[in-house]
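[1] sequence unavailable; structure follows:
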């Protein structure tokens, strides 16, 4: 009954569902406050109040285009406001002609991959990585090529360069990173760009960076998240407001296609039309307008930061090993046991839920998502202590 | 730079863009009131007031799940409300387990095709048809097979049966129809279902109907739009609120996967997950909630009906030939000249814009979209008179 291509999806999905159901059962049995669920990457800080206020204002005004079709790329004024905001923060030079409104970053990534990939083309990712990328690449009959990172999850540039072939089309970057929380500094991006530029010439083939940036605004310790298009012109940025404005269900984000890209206008026009024919048609209209009015609003990043420090300090003081995350809301902790799945199982005894590193292509680790309440982290201390006693 | 598969898209797109630009120029030159633009299928009746009221209420309540992720299939209570509403109107027996919220019908069609198609599979359509289907089928590497209709645009069942092969997977139906406005009566659907059931056995291969129903609520003269799942169990319905609630920009609709379908649960689960991996993730959250509260609200269909009669009477009284439409907001008129493109060009002299039948796979006709103001139709009379004088 179902497509051959999707059959493996359903097998994988049952694993995720089993984990969800286990969490629900645990909450039912012990009470939500007594379960320490670090398994889900769902923003828990509410949307800034400006968002709902802007929505109510727009609905009260009720202009005729509020719920209407617009250009597949989105409302021009909203795209212009976004371009200006990016420029102000990053010293770039975009205008509305570089911005396409999308259904979140997931929508944007799918549009971009459809535009630039041919069947059999390769997409490189630095491991560990968000395994959902595998499905996006599968949608366009591409192949994921995994590249190593070092102990601090920074790209292994020798491994990277050695794996670029005449099949390579895209490097899919994600910084701030899910699941590690690392942010790639300017020197790393420079080195990556230099390799790609050299290889482009050598292979006489266009190589893209596709930069997945849903966590761009969630950076801590004054960490700068450099703007990738400034390092490498053939870069498409996929941004989402899911985390920066805590609107994950609304599906709103954008693609940036810089003017410096080869055949930029063709890529832009194709992406805009691909947005339509993939069935998105356009990003949802009301929420586009809201973005235009709240372009510089931001969730309380300090809340996530406090959680980050509380959890990081707690687990490292107990003796667990972990690279200090600089962004996003994840902590990627070394499993003290070789078998990270067994470690995840033991943690459940203490009502701690986390995801094994294998789910991000890197066994031997676990991911803790700290988008939970601060109190929940504090309450988890006794459980982590017991886990440390049993496993360290 | 761009995918081989999408290169033809851009060629096609420039034609559409040229038409748009011509309309804009004409409005600038002659004033919007003096241009009779029947080229665009954009709803012009405003959303019913309940919609914005429900939105404002939901935003004022501001419950924590308002903008949050939910199950990929959508909010369970909204899906249950939709199922009940369909049951009440059509005597079906659905519940939330049969409904998946989607980004409009375009999103739903793409999800459905991804779920049930393998590369090389064939999708049958009755001509004339919405040519955008070609791109949806191209997305899954399928092939469109065109089936004839009679002078009243009813399916040619002999041609239909003769074109079903071991490659056929889907019949893509659209009733009320774009561009003809015809509605398939129960006897036509029965005959189609009988052929498909017979061919399923003969070929030992599952054949689907995919029923694209954005115009279901726009039916006139008390015309019944039969519910396709009651005729044929392997039917997936793709519905949209774009027209029934005039919310085309918000991208909201649903898929119906009936329990009577073979392996219904597998198809449902796969579609739900495919909604995620294609990048939709889920239909936009706030508007889902609004649908749950406004399930039986409807735009003023009488407005379209008045337009329909005014335009139909006007053109037929002038001597043009046209099957009277029973639904949607289109009128498919015979071009009095063999070359419908030439006819469209002549009409422009009189500031009438319409789309040539070739854009729907049926040259020799033109499509007039009457989702314009009533006054605009009345004002167009003199221009149509001149057009009749010149071409009839």
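    Nice, thanks for sending it over. What you see is a predicted model; the values in this text were computed from it and never measured.
[2] and residue A:260, what element?
    Secondary structure assignment for residue A:260, by DSSP states H and E: no helix or strand.
[3] what of residue A:100?
    strand A:99-102.
[4] for the following helix or strand past that strand, the distance to its chain's centre please.
    Once the chain leaves strand A:99-102, the next helix or strand it forms, by DSSP H and E, is helix A:104-116. Distance of helix A:104-116 from the chain centroid (CA atoms, centre = their mean, to the nearest Å) equals 13 Å.
[5] so helix A:104-116, near chain B or not?
    Yes: using CB under 8 Å from any CB of the partner chain, helix A:104-116 reaches chain B at A:104, A:106-111, A:114-116. Every residue, glycine included, has its C-beta placed from N, CA and C.
[6] name the nearest residue to the most centrally placed residue in chain A, sequence neighbours excluded.
    Note on chain A: the residue nearest the mean C-alpha position is residue A:214, at 4.6 Å, using CA atoms, centre = their mean. Spatial nearest neighbour of residue A:214, excluding adjacent residues (CB to CB, 6 or more residues apart in numbering or on different chains): residue A:240 at 4.0 Å.
[7] report how many residues lie close to the one you found.
    By the criterion of other CB atoms under 10 Å in any protein chain shown, residue A:240 has 26 neighbours.
[8] can you read off the pLDDT for it?
    Model confidence at residue A:240, given as pLDDT, is 98.
[9] same check, this time on residue A:14
    67.
[10] and what of the one 5 residues further on?
    According to the model's per-residue confidence, residue A:19 sits at a pLDDT of 76.
[11] which residues touch it?
    A:39, A:353, A:355 (CB atoms under 8 Å, 6 or more residues apart in numbering or on different chains).
[12] from these, which ones fall inside strands?
    Among these, the members found in strands (DSSP state E) are A:353, A:355.
[13] ok, of the contacts of residue A:19, which one's closest to residue A:29?
    residue A:353 (13.0 Å; CB to CB).
[14] right, and the closest one touches residue A:345 too?
    No: using CB atoms under 8 Å, residue A:353 is not in contact with residue A:345, being 10.9 Å away.
[15] of these two, which one has the most company?
    Neighbours around residue A:353 and residue A:345, counted as other CB under 10 Å, are more numerous at residue A:353. The numbers are 21 against 11.
[16] partners of the more buried one in the sheet?
    Beta-bridge pairing for residue A:353 (DSSP bridges): residue A:37.
[17] so what pLDDT did it get?
    If you check residue A:353, the pLDDT there is 94.
[18] ok now do it, which residues does it touch?
    A:19, A:22-23, A:26, A:35-39, A:347.
[19] just those residues: which are in helices?
    Per DSSP state H, helices hold the following members of the contacts of residue A:353: A:19, A:22-23, A:26, A:347.
[20] and the nearest residue to residue A:185 once chain neighbours are set aside, how far is that from chain B?
    Spatial nearest neighbour of residue A:185, chain neighbours left out: residue A:226 (7.0 Å); criterion: CB to CB, 6+ apart. As for residue A:226, its distance to chain B is 25 Å (criterion: CB to the nearest CB, to the nearest Å).
[21] what does the pLDDT read for residue A:226?
    Among the per-residue scores, residue A:226 holds a pLDDT of 98.
[22] please apply the same query to residue A:40.
    For residue A:40, the pLDDT comes out at 87.
[23] who touches it in this structure?
    Applying CB under 8 Å, 6+ apart, the residues near residue A:40 are A:369, A:371.
[24] phi, psi of residue A:211?
    phi -100, psi 110 (degrees, to the nearest 10).
[25] may I have the beta-bridge partners of it?
    residue A:173, residue A:237.
[26] can I assume it is in contact with residue A:240?
    No: in this structure residue A:211 lies outside contact range of residue A:240 using CB under 8 Å: 11.9 Å.
[27] that older thread, look up how far residue A:215 lies from the residue nearest to residue A:214.
    According to CB to CB, to the nearest Å, residue A:240 stands 9 Å off from residue A:215.
[28] pLDDT averaged over whichever strand or helix holds residue A:195 - what is it?
    Element membership for residue A:195, per DSSP H and E: helix A:186-203. Helix A:186-203 carries an average pLDDT of 98.
[29] ok, back up a step: the residue nearest to the centre of chain A touches residue A:247, doesn't it?
    No: counting by CB under 8 Å, residue A:214 stays clear of residue A:247, with 11.2 Å between them.
[30] ok, back up a step: out of the ones in helices among the contacts of residue A:353, which are buried?
    For the ones in helices among the contacts of residue A:353, a burial check counting by 16 or more other CB atoms under 10 Å in any protein chain shown picks out A:19, A:23, A:26, A:347.
[31] what segments of chain A are helices?
    Per DSSP H, chain A carries helices over the ranges A:7-30, A:49-61, A:76-90, A:104-116, A:132-139, A:157-163, A:186-203, A:264-277, A:285-293, A:301-317, A:340-349, A:374-379, A:381-391.
[32] which other residues reach the second one?
    Contacts with helix A:49-61, where a contact means CB under 8 Å, 6+ apart, come from A:66, A:245, A:247, A:286, A:289-290, A:293-294, A:297, B:52, B:55-56, B:59-60, B:62, B:67, B:286.
[33] over to the fifth one?
    Counting contacts by CB under 8 Å, 6+ apart, the residues outside helix A:132-139 that touch it are A:5, A:9, A:106, A:109-110, A:113-114, A:117, A:123, A:125, A:143-144, A:172, B:114, B:276-279.
[34] ok, and for it, which residues are buried?
    Quick answer for helix A:132-139 (16+ other CB under 10 Å): A:133-139.
[35] now the fourth one
    Using 16+ other CB under 10 Å as the burial criterion, the residues of helix A:104-116 that qualify are A:104-116.
[36] find the nearest non-adjacent residue to whichever residue of the stretch 251-392 of chain A sits closest to chain B, please.
    Residue nearest to chain B within the stretch 251-392 of chain A: residue A:285 (3.0 Å; CB to the nearest CB). Distances taken as CB to CB, 6+ apart place residue B:249 nearest to residue A:285, at 3.0 Å, with adjacent residues excluded.
[37] hmm, residue A:63 and the one you found touching each other?
    No: when contacts are counted by CB under 8 Å, residue B:249 is not listed as touching residue A:63 (11.8 Å).
[38] out of the two, which sits in the busier spot?
    With neighbours defined as other CB under 10 Å, residue B:249 and residue A:63 compare such that residue B:249 has more, 26 against 10.
[39] so what's the more buried one scoring on pLDDT?
    96.
[40] who's in contact with it?
    For residue B:249, the contact set (CB under 8 Å, 6+ apart) comprises A:65-70, A:282, A:284-286.
[41] residue A:46 and residue A:299 touch, don't they?
    Yes: between residue A:46 and residue A:299 there is a contact at 7.5 Å, judged by CB under 8 Å.
[42] anything in contact with each of these two?
    Counting by CB under 8 Å, 6+ apart, the common neighbours of residue A:46 and residue A:299 are residue A:246.
[43] settle it for me: which of the two has more neighbours?
    Applying other CB under 10 Å to residue A:46 and residue A:299 shows that residue A:299 carries more neighbours, namely 22 against 18.
[44] just give the number of residues close to residue A:368.
    Neighbours of residue A:368 using other CB under 10 Å come to 29.
[45] got a list of what it touches?
    Counted by CB under 8 Å, 6+ apart, residue A:368 has contacts A:38, A:311, A:315, A:330-333, A:354.
[46] lovely, talk soon.
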